[in-house]
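> A structural model of the following input is requested.
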Amino acid sequence: MRVMFAMRVVFMVFTVLTLGLMGFSGNWRSRWQWVLVVVFGALAIEAGPVSHFVSVNNLHLVDGMILFLFIVAGTLYSALKAANVKAGKTLNIINQLVDQQALADFNREYPGAVMQPVTVVIPAYYEVENIGRVLDSIPRVVDDTPVTVLVVVDGSPDGTDRVVREHGDFVSYISVNRGQGAALRVGYRLAIDHGAQYIVTLDADGQYDPSEMYGLVKPVLRDEADYVQGSRRMGRYVTDDVIRVMGVYWFNWLIGLLLRQRITDSSNGFRAIKAGVLKNLALSEDQYHAAELLILAVRKRYRVIERPASMYPRNSGETKKGHNLLYAYHYARVIFKSWLRAI
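Below is the predicted model of the structure:
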């Protein structure tokens with residue numbers, strides 16, 4: 001009788017857990033979950049068959065606990081997976097709303113704006129001390145082609161947007177901080193919608209030398225490449241962070257192995273891309289955007305080459321990339337995720 005009662009309690013718990021999972025995920029049409037509800041519910045009412053099975057096979061309490069733990073673990077995994085899917089959908093909706101607001105704000109501030117064929121898109125987050133020097137050093141004509149600058153301020157109320165306006169360049173202010181990748185997606189959309197044919201990306205912290213832009217833009221202007229990736233290993237790399245240097249070599253080797261193409265600097269933020277390439281890439285990473293962009297472009301068989309793009313210490317402020325180990329984990333995650341998406 002005790003075994004029978006325990007069985008009924010266990011299967012009643014399973015029934016409630018399954019119904020709770022369905023309610024949490026909002027998925028009341030899942031056939032397999034309804035099958036589980038019916039089976040667990042029936043066994044909670046009449047646990048005789050299970051009790052007989054336990055007796056015949058001389059199973060003990062430990063066996064029952066192991067089975068119970070396996071089922072609970074499976075249920076929790078399903079719940080977490082459902083929660084992740086639900087959170088992803090919610091995040092996508094939020095991103096769409098934020099993007100729409102940013103686009104509307106820009107068009108309201110710059111009605112009828114027209115950008116030059118070469119447009120430099122700069123994501124910025126708390127870079128009020130650096131952005132002015134960066135803007136001053138950007139060439140405004142490259143290979144007889146005029147250049148426009150668009151700075152996308154990613155939710156930093158420090159006055160970065162004010163400095164950009166004082167320099168007479170375009171600025172898009174996003175009220176919510178989401179990450180460099182999200183800011184660049186807004187920048188790509190604005191630049192392309194307003195006439196840009198070639199997009200150059202550049203960081204706002206002053207680590208790159210804008211005078212090297214000609215070497216990146218020239219191949220795309222002359223249709224020798226679709227995507228030119230800057231490489232600190234082909235230029236100058238000034239740093240005392242040995243771990244970061246080792247990481248650069250390791251991840252470049254890994255990406256080169258996956259793509260079967262030699263890559264010397266996958267994470268460099270100084271690059272030039274044809275607008276048509278960006279239109280055809282389904283970019284989604286809010287952070288660690290560089291790996292996703294490069295991998296998808298190579299897998300789409302665009303002509304990707306590298307050119308020198310030196311990298312120096314920041315002018316001021318602190319890096320936004322976080323601890324080396326955390327950065328390495330997320331960068332590796334994006335590499336494999338992007339590679340699997342592109343298969």
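> let me know the secondary structure of the residue nearest the centre of the chain.
A centroid search over the chain (CA atoms, centre = their mean) returns Glu285, at 1.6 Å, as the residue closest to the centre. Secondary structure, DSSP: H, G, I helix; E, B strand; the rest coil: Glu285 is coil.
> list the contacts for it?
Contacts for Glu285 were tallied using CB atoms under 8 Å, 6 or more residues apart in numbering; they are 179, 181, 291-292, 334, 338. From N, CA and C alone the C-beta is placed, and that goes for glycine too.
> okay, and Asp223 sits in which element?
For Asp223, there is no helix or strand it lies in under DSSP states H and E.
> meant to ask about Val147
Using DSSP H and E, Val147 falls within strand 145-154.
> from the contact counts, what lies against the helix or strand just after that strand?
Next along the chain after strand 145-154, taking DSSP H and E as the criterion, comes helix 160-166. Where contact means 3 or more CB pairs under 8 Å, 6 or more residues apart in numbering; DSSP states H and E, helix 160-166 is packed against helix 131-137, strand 145-154, strand 170-174.
> relative to strand 170-174, how tilted is the strand holding Val147?
20 degrees (axes from the mean of the first three to the mean of the last three CA atoms, to 10 degrees).
> quick one: strands adjacent to strand 145-154?
Strand 145-154 pairs in its sheet with strand 118-124 (parallel), strand 141-142 (antiparallel), strand 170-174 (parallel), by DSSP bridges.
> and those strands, which is most packed in?
strand 118-124 (a mean of 27; mean count of other CB atoms under 10 Å).
> list the contacts of that one.
Identification of contacts with strand 118-124 by CB under 8 Å, 6+ apart yields 131, 134, 138, 142, 145-154, 156, 160, 164, 180, 183-184, 187-188, 191, 196-204, 213, 217, 221.
> narrow those residues to those that are buried.
131, 134, 138, 142, 147-154, 156, 160, 164, 180, 183-184, 187-188, 191, 196-204, 213, 217, 221 (16 or more other CB atoms under 10 Å).
> now distance to Gly269 and mean pLDDT too, for the helices and strands packed on helix 160-166, in JSON lines please.
Output for the helices and strands packed on helix 160-166, formatted as JSON lines (distance: least, CB to CB, whole Å; pLDDT from 0 to 100):
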{"stretch": "helix 131-137", "distance to Gly269": "12", "mean pLDDT": "96"}
{"stretch": "strand 145-154", "distance to Gly269": "13", "mean pLDDT": "97"}
{"stretch": "strand 170-174", "distance to Gly269": "18", "mean pLDDT": "96"}
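> for those, give me JSON lines that also has distance to Gly256.
Formatted as JSON lines, the helices and strands packed on helix 160-166 follow (distance: least, CB to CB, whole Å):
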{"stretch": "helix 131-137", "distance to Gly256": "30"}
{"stretch": "strand 145-154", "distance to Gly256": "30"}
{"stretch": "strand 170-174", "distance to Gly256": "34"}
